[in-house]
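Undergrad: this one's structure only:
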């Protein structure tokens with residue numbers, strides 16, 4: 001007479017404890033990674049916007065400018081400055097440069113001053129400058145307008161790439177005249193950005209023009225300034241906000257990664273003893289994810305920080321790696337210990353958690369980047 005031999009109670013408890021440990025570890029991994037990555041993404045977004053706000057806040061002095069230096073004197077000549085942006089023909093996130101074509105004009109009263117004579121573009125170089133119009137009336141009213149093409153070096157904020165928001169700042173000063181002698185006044189009534197301005201991948205979200213004092217820790221040998229005094233100039237700044245809102249770039253960048261992760265997860269439905277397809281699909285998906293990471297890394301400058309694209313790629317690579325680890329454990333249970341039912345249960349629950357965790361974390365990251 002044959003009897004079914006039940007596993008000892010202690011062995012059953014060990015199996016349940018080991019299975020629960022693995023499942024809880026997977027859940028905790030996605031909760032920790034998802035929460036941490038989403039919080040960091042939100043913080044980067046907040047810090048970038050706060051930095052942009054300070055750059056374009058006329059009441060917030062730039063670093064190094066004291067309150068006394070930011071106060072205009074009554075003797076300073078008010079020069080009304082306006083800008084009309086015609087085109088932005090080039091913008092390179094990787095090279096940290098952008099090119100702009102714009103009209104700039106100056107209106108002022110009085111003699112002995114030429115604000116257009118020594119104006120310079122901050123953080124850039126003027127490639128061409130052509131005078132388009134000028135008018136000098138006998139009563140001391142002056143007007144000059146120029147067409148300028150400039151290339152500007154700009155450290156782009158890429159922490160939220162490919163859902164980054166950029167503030168392009170066009171700054172201008174007169175290097176020959178300090179702020180106690182001349183102050184720029186933004187011509188807000190006429191300053192604007194042409195509707196023809198188009199930057200591939202971005203949408204124009206707005207613009208703002210302000211004036212700020214800008215100090216240098218040197219007199220540059222100017223005999224009009226006391227020794228050791230910082231020279232402070234009137235700084236005109238036009239800020240243009242660009243924002244990515246669509247899904248096109250996101251899907252184009254990560255469609256290969258998402259397919260690779262899905263293939264690695266689907267491989268879990270193959271019998272563990274069919275080693276070649278079960279492990280071969282995961283290894284192939286891992287190579288595809290790594291290649292996708294290298295391709296995307298070439299689109300942003302090497303800043304040393306983990307941008308949103310790096311986080312998504314890294315998460316995909318980790319999920320694929322976990323599917324391979326799970327397949328190894330499942331094979332050991334199925335073939336080494338004869339636990340076919342436990343192996344199938346491990347596959348179903350683990351792969352469901354991996355898919356849900358990967359999709360949920362990506363969704364949370366996107367919401368944090370788009371806030």
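TA: Perfect, thanks for sending it. All of these numbers come straight from a predicted model, not from anything done at the bench.
Undergrad: next, count neighbours for the closest residue to residue 360 other than its chain neighbours.
TA: Leaving aside its chain neighbours, residue 360 sits nearest to residue 34 (6.5 Å; criterion: C-beta to C-beta, 6 or more residues apart in numbering). Glycine gets a C-beta too; all of them are placed from N, C-alpha and C. Number of residues near residue 34 (other C-beta atoms under 10 Å) recorded here: 19.
Undergrad: ok, residue 100 next?
TA: Residue 100, neighbours per other C-beta under 10 Å, totals 24.
Undergrad: try residue 58
TA: Neighbour tally, residue 58, other C-beta under 10 Å: 14.
Undergrad: please tell me how far it sits from residue 365.
TA: From residue 58 across to residue 365, the span is 35 Å (C-beta to C-beta, to the nearest Å).
Undergrad: try residue 271
TA: For residue 271, the distance to residue 365 - C-beta to C-beta - is 34 Å.
Undergrad: residue 79 too?
TA: Counting by C-beta to C-beta, the gap from residue 79 to residue 365 is 47 Å.
Undergrad: so between the two, which is more surrounded?
TA: residue 79 (25 against 22).
Undergrad: isn't that one up against residue 108?
TA: Yes. Using C-beta atoms under 8 Å, residue 79 is in contact with residue 108, at 4.3 Å.
Undergrad: hey, what's in contact with both of those two?
TA: residue 115 (C-beta atoms under 8 Å, 6 or more residues apart in numbering).
Undergrad: show me where the stretch 251-371 of the chain has helices.
TA: 275-297, 308-331, 340-370 (DSSP state H, counting those that start in this stretch).
Undergrad: of the ones you listed, which is nearest residue 196?
TA: Nearest of the helices of the stretch 251-371 of the chain to residue 196, taken as C-beta to C-beta: helix 340-370 at 27.0 Å.
Undergrad: so the helix or strand where residue 240 lies versus helix 340-370, what angle?
TA: Element membership of residue 240, judged by DSSP states H and E, is strand 231-243. Angle between the axes of strand 231-243 and helix 340-370 is 130 degrees (criterion: axes from the mean of the first three to the mean of the last three C-alpha atoms, to 10 degrees).
Undergrad: parallel or antiparallel, which strands does strand 231-243 pair with?
TA: Applying DSSP bridges, strand 231-243 is found paired with strand 165-174 (antiparallel), strand 203-216 (antiparallel).
Undergrad: check those strands for me and report the most buried one.
TA: Of these, the one with the most neighbours on average (mean count of other C-beta atoms under 10 Å) is strand 165-174, at a mean of 21.
Undergrad: tell me the helix or strand right after it.
TA: Next along from strand 165-174, by DSSP H and E: strand 182-186.
Undergrad: quick one: list the elements packing against that next one.
TA: strand 77-92, strand 203-216, strand 231-243 (3 or more C-beta pairs under 8 Å, 6 or more residues apart in numbering; DSSP states H and E).
Undergrad: got those strands as TSV, with mean pLDDT and distance to residue 301 columns?
TA: Formatted as TSV, the helices and strands packed on strand 182-186 follow (pLDDT from 0 to 100; distance: least, C-beta to C-beta, whole Å):
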stretch	mean pLDDT	distance to residue 301
strand 77-92	95	9
strand 203-216	91	22
strand 231-243	91	17
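Undergrad: ok, now which ones touch residue 116?
TA: Contact analysis of residue 116 by C-beta under 8 Å, 6+ apart lists 106, 144, 146.
Undergrad: again, only using 6 Å
TA: 106, 144 (C-beta atoms under 6 Å, 6 or more residues apart in numbering).
Undergrad: what about it, distance to residue 28?
TA: To residue 28, residue 116 is 64 Å away according to C-beta to C-beta.
Undergrad: flag the shaky bits of the stretch 251-371 of the chain, pLDDT-wise.
TA: Within the stretch 251-371 of the chain, no stretch has pLDDT under 70.
Undergrad: ugh, wrong one, I meant the stretch 101-250 of the chain
TA: In the stretch 101-250 of the chain (pLDDT under 70), the answer is 220, 224-225, 228.
Undergrad: coming back round to it: now the strands paired with strand 231-243 as JSON lines including distance to residue 235?
TA: Converted to JSON lines, the strands paired with strand 231-243 look like this (distance: least, C-beta to C-beta, whole Å):
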{"stretch": "strand 165-174", "distance to residue 235": "5"}
{"stretch": "strand 203-216", "distance to residue 235": "4"}
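Undergrad: can you give the domain ranges for this structure?
TA: 13-44+247-370, 72-243 (automatic domain parsing).
Undergrad: can you redo those as TSV with distance to residue 50?
TA: Output for the domains of the chain, formatted as TSV (distance: least, C-beta to C-beta, whole Å):
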stretch	distance to residue 50
domain 13-44+247-370	10
domain 72-243	11
